[in-house]
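**Q** model the following, please.
(chains A, B and C)
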Amino acid sequence: MRHFLSTEDWSGVEIAQMLEVATQLKRQPLQTTMQGKSIALVFFNNSLRTRTSFEIGAWQLGGKAIVLNPGKDAWPLAYDFGAVMDGTAEEHVAEAAQVLSRYCDLIAVRCFPAFQNWELDREDKVINAFAEHASVPVINMETIVHPCQELALAMTMQEQFGNLENRKFVLTWTYHPRPLNTAVANSALMIATKMGMDVTLLCPSEDYLLDARFMEAAQDYSAAAGHQLTVSHDIESAYANAEMVYAKSWGALPYFGRWEEEKPIRDACQHFIVDEKKMALTNKARFSHCLPLRRNVKATDVVMDADYCIAIDEAENRLHVQKALMTTLLNQ
Amino acid sequence: MRHFLSTEDWSGVEIAQMLEVATQLKRQPLQTTMQGKSIALVFFNNSLRTRTSFEIGAWQLGGKAIVLNPGKDAWPLAYDFGAVMDGTAEEHVAEAAQVLSRYCDLIAVRCFPAFQNWELDREDKVINAFAEHASVPVINMETIVHPCQELALAMTMQEQFGNLENRKFVLTWTYHPRPLNTAVANSALMIATKMGMDVTLLCPSEDYLLDARFMEAAQDYSAAAGHQLTVSHDIESAYANAEMVYAKSWGALPYFGRWEEEKPIRDACQHFIVDEKKMALTNKARFSHCLPLRRNVKATDVVMDADYCIAIDEAENRLHVQKALMTTLLNQ
Amino acid sequence: MRHFLSTEDWSGVEIAQMLEVATQLKRQPLQTTMQGKSIALVFFNNSLRTRTSFEIGAWQLGGKAIVLNPGKDAWPLAYDFGAVMDGTAEEHVAEAAQVLSRYCDLIAVRCFPAFQNWELDREDKVINAFAEHASVPVINMETIVHPCQELALAMTMQEQFGNLENRKFVLTWTYHPRPLNTAVANSALMIATKMGMDVTLLCPSEDYLLDARFMEAAQDYSAAAGHQLTVSHDIESAYANAEMVYAKSWGALPYFGRWEEEKPIRDACQHFIVDEKKMALTNKARFSHCLPLRRNVKATDVVMDADYCIAIDEAENRLHVQKALMTTLLNQ
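**A** Here you go, the predicted model:
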């Protein structure tokens, strides 16, 4: 039994197969591959697209999704092993995962980092605890990576470009008033390199490099495809000739838990906003973002409303890839 | 493609047709008019009847409802255009509406006024932003009007009276410790006059008149039916000979945002409560209210528990009219 | 029409029949006994198992569950009769129960005590108000008793032991940092005695005896089965020869509302934790708990992870017994 915690655990061929199933489901949405089957959606953080697309997706396949919000409508959960649970958590993931496995055929979990200590957050303990204790497949709905978003991004780029190999992909950091999760940035870097694209990571400085685990994975994928992962802090040269611009904001890892120190550095980088002028430097690039997106902070209205913005297509494709994913996991 | 933002946009004939479909659905609740179709229910405010009736209704028609609570379990939304989103909102209605249109076949929105500035609230920006950006029909689940409640009220009165023309309808303001939304009052006034009833608006003083837009619409509907909209501040004469008493509390528009100044005025009007003595003045009138209702504040226990109280019927009919509405919008 | 508020209202034969239906449903989960039928799940308190098992259960039977959280996403509710509703409650249970009865075929309610005044809490006013005003069967999802948990516990013990008569059952109080609801303790005592088991209540002192209503009911059930309900404050002798150890923490009734006074008494009893050493005193007993459970506070990791721990089975059986219950109530 395999989980879907990261695309690192799935080969390029397996991912291509899932995307093919997703394409079929986009054409014929109503199927019966989840007839009588259910999925528990465990949200430690907010969601619009993820929840809606999983709920609708399960239903369109004849299945049933249950939404749980631990700490809001469900019990707060502990996830460390061996600990004396004398804090706020009333239940351990060990029990929650086992019980949900008795009720449901799949468990999906969203759990963002705590943003206090990256050394702790990068261990991704909550979803790993679910995966350890569940007796059904566990799906990552965003922790420190966002593999469902990766599938949607890959599918959306394939719709635009066909074969993605050698296409020039730029992942650009953007400003946001708060330090955000690196998950989508980690994921974008991994899937673009894995698909054989020629990838540039554009960010304000070395402070904004991603965790070594993901940088190295992306370098390895790049090397396997005959490319070299480029890191750039220069906006103009990074955008030049790009065919795909993908934007995301994230907090600087060296400042984890000391965000007041990062704030002036971040505030000095508001010019990283994606705008018409930057897009004009590209090779008629498409633009996308995982959403939600703050307009006129991360990207301008003009960019968001342009024909080359494919963010809504990417959001729609979340539905199709997740249906393919659930079908795949239930059929293993 | 038409939205259902206000009954003002729908002719009397169209509304009569919807009520006829609702009556059929009340007799035969299980249908397939939403087979494979879904509706997103976006709640910026609490709900019991609206959410339950839409969820059950969609399901009884073979469809699926998804509930989203922006700011609680979904991202807080911005709705102004061109603004720099550097506040608390993480997502713009422009994206939310487009994405939900990709996942669902209908979008329904509840968004009460902010109660700070009526000039702003009366523009009803949130639902209008949804309607502008959605590519599927948008349903108003209560903003500054409550058209679904109008349909339920009309259906319930028809069940009691048959043809509503010339029936004497009194909309009475009642006390409530907090200033409430004018939506149901606006809506009751419009639907009663539109159905050709002889309508009196009873309220403590000119401070409690409704927005000119709705007063004028009601006057026009009245005139078209050969009536004149009556405004009264005298309880006894307003109740005299009434055949239908409809109660609602609302805040005085001139005091919007200065509620501490309105409070003593409001507090002096607790005698507007609907009680046995007032009901005895009527022509054996039926009584109703949209619910929720504070017992012994807006209406006494005796009135609420009387045979002439049809509020529970009206609440039930929310289910049937909304099923008719969803069916109608999906078949256009 | 019968409600399911307490197992006290249902005979041993009727409960045995429900458990038989549950066993059949465990073998063949997908049925149509709720086709076209719906249940409103009203939660005044958090839930993981209860909500998930009711939602999945209704769906597996062809039905539909609606989740409402009064005070969170639905209106706060009043339940006293005759009161002037000038506090925070916007709606009375009288209306909520009547309206939900029009939309749904069953209403289930979870409402924990307020923990301020046991004399008030023990009247269980909220669910009784629902039962009084609903025109459909009402199910108790935990108030001051937890009868659905009783059914699951009975089913799980039958799976382990077959006939439960004369089996030695120990209900042990355990430490928890906060004073918890007595509901599951009351319920465990009642169902174990009702099933003819030889029951011991182990707790730190007379302060932790349960309400007289439940102590007396358990004594009566014990007497009818030829046993005597044993109360013990001695851990070693209580565990000796036990075949079933059931753990629960609860607040001391004499200290209701004065919890700061109870705290040192409670804190002195942390040694009531269920551990290997105590379990070794038993007659190869099974262990269970209703969950959620704080590991290494109420029971050690070793106990929770042992083969003799059947808490996950009990949690699973919530699904099956509740499906049997809904089927039974809809078929009366």
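**Q** can we go C-alpha only for contacts and neighbour counts from here?
**A** Noted.
**Q** where exactly do the helices run in the stretch 1-150 of chain A?
**A** A:12-27, A:49-60, A:93-103, A:118-121, A:125-133, A:147-161 (DSSP state H, counting those that start in this stretch).
**Q** measure stretch A:77-87 end to end?
**A** With CA to CA, to the nearest Å as the measure, stretch A:77-87 spans 10 Å from end to end.
**Q** enumerate the positions of that stretch that are buried.
**A** Within stretch A:77-87, the residues scored as buried using 16 or more other CA atoms under 10 Å in any protein chain shown are A:Leu77, A:Ala78, A:Tyr79, A:Val84, A:Met85.
**Q** and the helices of the stretch 1-150 of chain A: which comes nearest B:Arg286?
**A** helix A:49-60 (41.9 Å; CA to CA).
**Q** who are the packing partners of that closest one?
**A** On a contact count with 3 or more CA pairs under 8 Å, 6 or more residues apart in numbering or on different chains; DSSP states H and E, helix A:49-60 meets strand A:38-43, strand A:64-68, helix A:311-330, strand B:64-68, helix B:93-103.
**Q** change it to 6 Å
**A** helix A:311-330 (3 or more CA pairs under 6 Å, 6 or more residues apart in numbering or on different chains; DSSP states H and E).
**Q** give me the contact list for the helix or strand bottoming out on mean pLDDT in chain A.
**A** Every helix and strand of chain A was ranked by mean pLDDT, DSSP states H and E. The lowest is strand A:77-78, at a mean of 90. The contact list for strand A:77-78, computed with CA atoms under 6 Å, 6 or more residues apart in numbering or on different chains, reads A:Ala89, A:Glu91, A:His92, A:Val93.
**Q** mind doing that once more with 10 Å?
**A** A:44, A:70-71, A:84-85, A:87-96, A:126, A:129, C:292, C:294-295 (CA atoms under 10 Å, 6 or more residues apart in numbering or on different chains).
**Q** got a PyMOL select line for the buried ones in these?
**A** Buried residues among the contacts of strand A:77-78 (16+ other CA under 10 Å), as a PyMOL selection:
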select buried, (chain A and resi 44+70+71+84+85+89+90+91+92+93+94+95+96+126+129) or (chain C and resi 292+294+295)
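**Q** restrict the contacts of strand A:77-78 to those near chain B?
**A** Subset of the contacts of strand A:77-78 in contact with chain B: A:Phe44, counting by CA under 10 Å from any CA of the partner chain.
**Q** near the residue of the stretch 101-250 of chain A found nearest chain B, how many other residues are there?
**A** Taking CA to the nearest CA, chain B has its nearest neighbour within the stretch 101-250 of chain A at A:Pro177, 6.6 Å off. Look at A:Pro177: counted by other CA atoms under 10 Å in any protein chain shown, it has 17 neighbours.
**Q** now swap in A:Asp307 and tell me
**A** Here the number of neighbours of A:Asp307 (other CA under 10 Å) works out to 10.
**Q** quick one, what contacts it?
**A** A:Arg286, A:Phe287 are the contacts of A:Asp307 under CA under 10 Å, 6+ apart.
**Q** now it: how far from B:Ala83?
**A** 21 Å.
**Q** could I get the phi/psi values of the residue nearest the centre of chain A?
**A** In chain A, the centroid-proximal residue (CA atoms, centre = their mean) is A:His146; its distance is 2.3 Å. Here is the backbone geometry of A:His146 (degrees, to the nearest 10): phi -140, psi 70.
**Q** I'd say it and A:Leu189 touch.
**A** No. Judged on CA atoms under 10 Å, A:His146 makes no contact with A:Leu189 at a distance of 11.2 Å.
**Q** run me through the strand neighbours of the least confident helix or strand of chain A, direction for each.
**A** strand A:91-92 (parallel) (DSSP bridges).
**Q** contacts for the strand it pairs with next, please.
**A** A:70, A:74-81, A:83, A:85, A:129-130, C:48, C:291-295.
**Q** residue ranges with poor pLDDT in the stretch 1-150 of chain A?
**A** By pLDDT under 70, the stretch 1-150 of chain A contains no weakly predicted segment.
**Q** chain B contacts on that one?
**A** Contact residues (CA under 10 Å from any CA) of the stretch 1-150 of chain A with chain B: A:29-30, A:43-53, A:55-57, A:59-60, A:69, A:72.
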